[in-house]
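> Here is my input; please provide its structure:
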Amino acid sequence: MFEYQYRERVVAIVLAPILDFGRCPLASRKSAALWPIAGTPALTRLLVSLREQGIRDAVICAYPGGGLGDVACDVPEMRIRCLDEPLPLGNAGCIRDAAGEDEDALLLVLQAAVISPPRVAPLMRAHQQSGSHLTVWLGSASGDRRTGRTPELYVCNHKVIDYMPANGYFDIKEGLIPAMVGAGQSVTARILSHSTRGFRDRLSYLSRLGDWLDGDASAQLAAAGLLSESDNVLRAPGAMIHPDATLHGPVVVMTGARIEPGAVILGPTIIESHATIAAKAVVDSSAIWPNAVVGPESYISQSIIDENAVVPARATVCSNVVLGRQSGRIQTIDRSSVVAVEESDPERLPEHVGSGAAIDELK
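The predicted structure is shown next:
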């Protein structure tokens, strides 16, 4: 743990993505800020990191009813306020409504759905040295040709609110920056030394997760108590990997997860807590969320298997999402990308799943 004593009070304004109706069913059902990263929701990882860096005040801007307030309550020693956003306000609109009355506070504005929270102190120092009211920090996932062009977070003074309308939607790029420049104020742009690895949907989540697993995940997770296996495989205490299973890293297997005989796991892949990969199943470059079951001889590639979801035996799921049980069934985005799916047979599911996890078919 490290702390930095800031000259001014710092308030973190955390922008949670709204539910993504239609484009990504998983993001339509659960805010990306709550998606798991090695056993911990992304939002919790972010708030804990901010607290360890000496920040005690945060405002979470989120669509109401998304459950983010419950996660925030799990982070002690922070003063956290949730700002309901029933209609989109834009990033600048969120700053305006969340800033509060402390005109001397520095505002750190960042996305909730990130894998690698930033080191805050260097950002604060650079902003103060710039003399600007607003510093835009640019960056993107490694390997992306747009590196240095995508805004990932902002540091600003309370003064920026003077250049915003009193209410309604207001964007930073299209609204606040032109208003400030038009008023003769400078805006500073800098490039982050490391991406925060933000994500919004299945594709960006798996991409950023793979980048993290290929990069600094091993050191971070080993420090958290995970055990290093051969070939860049990390196993949490309590995880079961059968000797006849084959794992090629980077692979992370969390507490209570089971990898059964003949299963093959190809990285970058993460198997979250109490998930099961049944005998002879193959999982490639995917995320298997808590309590999910991948049936025997199934093939999963570039996909997310949702919490409590059950993939039947011999199913193939490619570049897709399998949602958790609803009304006794599991669902996917697009049946055309699910091949060789058969009606489930309880006898073909792992014994420890039990009759309570039985399903009718993959829809």
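> Would you mind giving the domain segments of the protein?
10-191, 216-357 (automatic domain parsing).
> distance between the last one and the chain's centre?
Spelled out, that is domain 216-357. 18 Å (CA atoms, centre = their mean, to the nearest Å).
> picking that back up, determine which of the domains of the chain approaches Gly210 most closely.
Closest approach to Gly210 among these (CB to CB): domain 216-357, 3.8 Å. Just so you know, the C-beta spots here come from the backbone N, C-alpha and C atoms, and that holds for glycine as well.
> Run through the residues that contact Val120.
4, 10, 50, 53-55, 108 (CB atoms under 8 Å, 6 or more residues apart in numbering).
> One more: Lys173?
Taking CB under 8 Å, 6+ apart, one finds Pro151 in contact with Lys173.
> what separates it from Leu138, distance-wise?
Lys173 sits 12 Å away from Leu138, going by CB to CB, to the nearest Å.
> can you check Glu307 too?
Following CB to CB, the distance that separates Glu307 from Leu138 is 34 Å.
> For the two, indicate the residue with more neighbours.
Using other CB atoms under 10 Å, the more surrounded residue of Glu307 and Leu138 is Glu307, with 20 against 17.
> A helix includes Ala27, no?
Yes. Assigned with DSSP: H, G, I helix; E, B strand; the rest coil, Ala27 falls within a helix.
> Is it in contact with Leu19, as I believe?
Yes. The criterion here is CB atoms under 8 Å, and Ala27 meets it with Leu19 at 6.8 Å.
> higher neighbour count, the two?
Ala27 (24 against 17).
> Just the pLDDT for Asp334.
pLDDT, Asp334: 39.
> ok, now how distant is Ser195 from Ile277?
30 Å.
> if you count what's nearby, which of the two comes out ahead?
Between Ser195 and Ile277, counting by other CB under 10 Å, Ile277 is the more crowded of the two (33 against 23).
> tell me the contacts of the more buried one?
So Ile277 contacts 245, 257-260, 263, 265, 271, 283, 288, 294 (CB under 8 Å, 6+ apart).
> As JSON lines, the residues you listed with pLDDT would be great.
Converted to JSON lines, those look like this (pLDDT from 0 to 100):
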{"residue": "Ala245", "pLDDT": "97"}
{"residue": "Ala257", "pLDDT": "97"}
{"residue": "Arg258", "pLDDT": "97"}
{"residue": "Ile259", "pLDDT": "98"}
{"residue": "Glu260", "pLDDT": "98"}
{"residue": "Ala263", "pLDDT": "98"}
{"residue": "Ile265", "pLDDT": "98"}
{"residue": "Ile271", "pLDDT": "98"}
{"residue": "Val283", "pLDDT": "98"}
{"residue": "Ile288", "pLDDT": "98"}
{"residue": "Val294", "pLDDT": "98"}
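> No further queries at this time; thank you.
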